[in-house]
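Enquirer: next come a sequence and a model predicted from it.
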Amino acid sequence: MIQGLHRKNRQVFAAVIALLSVAISLASMYIYDQQKQQLHNSLSRKVVTELDLIGSVLTDAMLRHDYSEGRRLLADWPINHPDVVELTVLMDNGVTFFAYRNDQVDKASPSLTRDFRYAERTLSITLCHDATEVSTTLAQLSRNLLIASLAVMVLIGAALWFILFRWMIKPMEQEISRQTHELRKSHDHLEEQVLERTASLANEVEIRKRAEQSLRKLVRVVDQSPIMVFITDTEGIIEYVNPKFEQITGYSREEAIGANPSILKSPDTPREVHEDLWNTVLAGKEWRHEIKDLCKDGSDFWASVHITPIRDKNGDISHFASLHEDITERKQAELEIENARRAAELSDKAKTELLANMSHELRTPLNAIIGFAETMRHKVFGPLANPKYEEYADFIHSSGSHLLELINDILDVSAIEAGKLTLREETVDVTEICAATLEIIRPRAHEMHIELTGIDIPDLPLLRADPLRLKQIFINLLCNAVKFTPENGAVSCNAVLDQQGNMILSVMDNGIGMTSEELVKALDTFGQVDSSLSRKHEGTGLGLPLTKGLVELHGGEMEIASAPGKGTTVLLHFPSDRVLEVDSPQNQAV
């Protein structure tokens, strides 16, 4: 095609083509150099960012003397960043703290070294990244530019052909515009890739910064914990202790790290406890116990221990975390309480035995006194010389009988407290026992003009109980009701079955009543609501405690509701297994 041109036109075309070729080559070289510089700058910024992050975390670990954490960070860094070719950490004394190099990479970026100071020491960190991606991008860019240049030269040549020989300038301009647009598009695309990569690196740096902050927060929580904490590996070698460990045990961090937890083992702790500890944690379970630990100075302390396994990302046990809370004061308080309880039990037992022995010793001569008084009252050996003797005999008999009842009550209370009172159970009619009791106290109630009302339920089931003790219960409650009810008052008895089949007996009066504090006092043995020498109502304070004990001996419960000026209601709950139907087989067997 060129050979058909005239000589002059051929020279002009060749000159124009040469100039255009030089211009296109220079433009391609300029674009190539610009892209190369941007890619290298981006890689350098990435290396600087990673160096700063590594240096910050590593110096923090060095300040805490946690070399294992520093090495673990450096070892994990090439794994998490596959583009790392070289990572070297040198101490200021020439010792290599960590070294990593990937010799399988052909092309690497220039190494970048930064110095970091901590305390009075210096770390020199060298980092080098894989530049294969940059080289590949530049090679691809070079090929694209070469192809684009050749295409432009061909197109321009054709355009010149049409301009010079065909006078068609517009198609040439359109082609040049199209090629320029393609170049700009390629340039913009490369710029977008660089921006995306830069944003990705910034996001990674932010994520790692937040992770570092969370880690520091966790470390501060453990360091400032009021509980003694230490961490061991699976062999039981201590790798970490918090300041509370040093404060309680007396061992410094340097003494504890690398040692075995047996330095805390007290000879008072049985071997089986430690065997159970290891069997539990090695099985992957948590272990909780209260044991005695030993300090460095030989003193001991009680600790509430919680040991839990720590698992790695694969679920395997890598460490054990042990938390020891000092509970020495609580243990001392528990020991004092236990000693006080034992002393109280011994004192109560001695009191009960003393009362029982004294009551037995008093009852024997008292029976003789009552018998002699009875003989004198009935003039068994003839009339008395003076009528006054008969009155004195009556006084002796009534006083002796009252004293005998008091002694019997003391014996019953002592037997109940000692667990030696035996019930002689029979099938009893509660209505009959209540009526018999009312007849006993009716004369005294008549004197006070107190109205008595018994149980009037014709189909009330029978009860399996000790008739003598049940009568004693009614006597105690009715006597108290009459005694503390003013003239023209009322005392009533009742019985009912609840939904569970339990029998509930009640004794109710409209007497003087009691406050809640007085009620608690009345339920104590020998407790008197009015304990002054001038009290209006006589009594020993044994009635309600004895009644409560007899009800509980039958498996029941006693409940009292009282209010000053309104009266008192006593409810006796007997369980359903003691309630018998009249024609039931159990009743017939009894």
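Expert: In hand now; what should we look at?
Enquirer: from I327, how far off is V305?
Expert: Between V305 and I327 the distance is 10 Å, computed by Cβ to Cβ, to the nearest Å. Any C-beta I mention is one placed from the backbone N, CA and C, and that applies to glycine too.
Enquirer: the helix or strand that contains G157 packs against which elements?
Expert: Using DSSP states H and E, the element containing G157 is helix 132-160. Applying 3 or more Cβ pairs under 8 Å, 6 or more residues apart in numbering; DSSP states H and E, we find helix 132-160 packed against helix 7-63, helix 169-223.
Enquirer: what angle do it and helix 169-223 make?
Expert: 170 degrees (axes from the mean of the first three to the mean of the last three Cα atoms, to 10 degrees).
Enquirer: mind listing what's buried along helix 132-160?
Expert: Neighbour-count burial for helix 132-160, counted by 16 or more other Cβ atoms under 10 Å, picks out 134-135, 137-138, 141-142, 144-145, 148-149, 152-153, 155-160.
Enquirer: next: stretch 477-495.
Expert: For stretch 477-495, burial by neighbour count (16+ other Cβ under 10 Å) applies to 477-485, 489-495.
Enquirer: among the residues you listed, which are in helices?
Expert: Here DSSP state H is the test, and the buried residues of stretch 477-495 give L477, L478, C479, N480, A481, V482, K483 as lying in helices.
Enquirer: got CSV for the residues you listed, with distance to A259 and pLDDT too?
Expert: Conversion of those to CSV gives the following (distance: Cβ to Cβ, whole Å; pLDDT from 0 to 100):
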residue, distance to A259, pLDDT
L477, 71, 88
L478, 76, 88
C479, 75, 88
N480, 71, 87
A481, 75, 89
V482, 79, 90
K483, 76, 88
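Enquirer: and the residue nearest to D268 when sequence neighbours are not counted, its phi and psi?
Expert: For D268, ignoring the flanking residues on the chain, the nearest one in space by Cβ to Cβ, 6 or more residues apart in numbering is K292 at 5.2 Å. Note on K292: its backbone torsions stand at phi -100, psi 130 [degrees, to the nearest 10].
Enquirer: quick one, grab the pLDDT at K292.
Expert: On pLDDT, K292 comes in at 86.
Enquirer: and if you look at P383?
Expert: Note for P383: predicted pLDDT of 74.
Enquirer: try L580
Expert: The model's pLDDT for L580 equals 86.
Enquirer: what do you get for Q472?
Expert: 84.
Enquirer: quick one: it is in a helix?
Expert: Yes. Judged by DSSP: H, G, I helix; E, B strand; the rest coil, Q472 forms part of a helix.
Enquirer: what about the strands in the stretch 301-450 of the chain?
Expert: Counting by DSSP state E, counting those that start in this stretch, the stretch 301-450 of the chain has strands at residues 317-326, 426-428.
Enquirer: out of these, nearest to E517?
Expert: Proximity to E517 (Cβ to Cβ) singles out strand 426-428 among the strands of the stretch 301-450 of the chain, at 35.7 Å.
Enquirer: sheet partners, orientation included, of the closest one?
Expert: Strand 426-428 pairs in its sheet with strand 462-465 (antiparallel), by DSSP bridges.
Enquirer: just the CA atoms of the partner strand, as PDB, please.
Expert: Extracted in PDB, the C-alpha atoms of strand 462-465 (Å, rounded to 0.1, in the frame of the first residue of the first chain):
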ATOM      1  CA  LEU A 462     -62.800 -41.700 113.600                       C
ATOM      2  CA  LEU A 463     -59.200 -40.800 114.300                       C
ATOM      3  CA  ARG A 464     -56.200 -43.100 114.900                       C
ATOM      4  CA  ALA A 465     -54.500 -41.500 117.900                       C
END
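Enquirer: low pLDDT regions in the stretch 1-150 of the chain?
Expert: 1-13, 104-109 (pLDDT under 70).
Enquirer: walk me through the domains of this structure.
Expert: Listed by automatic domain parsing, the domain ranges of the chain are 2-199, 226-326, 333-417, 423-589.
Enquirer: Throw those domains into TSV and include distance to A211, thanks.
Expert: Listed next are the domains of the chain as TSV, based on distance: least, Cβ to Cβ, whole Å:
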stretch	distance to A211
domain 2-199	10
domain 226-326	15
domain 333-417	44
domain 423-589	62
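Enquirer: which among those domains is found nearest to R216?
Expert: domain 2-199 (7.5 Å).
Enquirer: quick one: the helices in the stretch 401-550 of the chain?
Expert: Ranges of helices within the stretch 401-550 of the chain are 430-447, 467-483, 516-522, 543-553, based on DSSP state H, counting those that start in this stretch.
Enquirer: mean pLDDT lowest where, among the ones you listed?
Expert: helix 516-522 (a mean of 78).
Enquirer: mind listing what's buried along that one?
Expert: E518, L519, K521, A522.
Enquirer: pull up the overlap in contacts between V305 and I327.
Expert: Residues touching both V305 and I327 (Cβ atoms under 8 Å, 6 or more residues apart in numbering): E290.
Enquirer: the more surrounded of these two?
Expert: V305 (20 against 16; other Cβ atoms under 10 Å).
Enquirer: would you mind measuring from the more buried one to I237?
Expert: According to Cβ to Cβ, V305 and I237 sit 18 Å apart.
Enquirer: F474: neighbouring residues, count only.
Expert: 24.
Enquirer: rewinding a little: tell me the one among the buried residues of helix 516-522 nearest to A340.
Expert: K521 (22.3 Å).
Enquirer: run a quick neighbour tally on the closest residue in space to G236 that isn't next to it in sequence.
Expert: Among residues not flanking G236 along the chain, N260 sits closest, at 5.4 Å (Cβ to Cβ, 6+ apart). Per other Cβ under 10 Å, the neighbour tally for N260 reads 13.
Enquirer: look up phi and psi at N260.
Expert: Backbone geometry at N260, expressed as degrees, to the nearest 10, gives phi -100, psi 150.
Enquirer: what does the one 10 residues further on give?
Expert: The phi/psi pair for P270 (degrees, to the nearest 10) reads phi -60, psi 150.
Enquirer: next one: the one 3 residues further on
Expert: Note on V273: its backbone torsions stand at phi -60, psi -50 [degrees, to the nearest 10].
Enquirer: how many residues are close by it?
Expert: Residues lying near V273 (other Cβ under 10 Å) number 15.
Enquirer: that one reaches K292, doesn't it?
Expert: No. If you go by Cβ atoms under 8 Å, V273 and K292 don't touch, sitting 9.7 Å apart.
Enquirer: quick one, helices of the stretch 201-350 of the chain?
Expert: Ranges of helices in the stretch 201-350 of the chain, per DSSP H, counting those that start in this stretch, are 243-249, 253-256, 271-282, 328-377.
Enquirer: and these: which comes nearest T122?
Expert: Among those, the nearest to T122 by Cβ to Cβ is helix 253-256 (23.3 Å).
Enquirer: residues making contact with that closest one?
Expert: So helix 253-256 is contacted by H65, F230, I238, V241, F245, E246, T249, I263, K296 (Cβ under 8 Å, 6+ apart).
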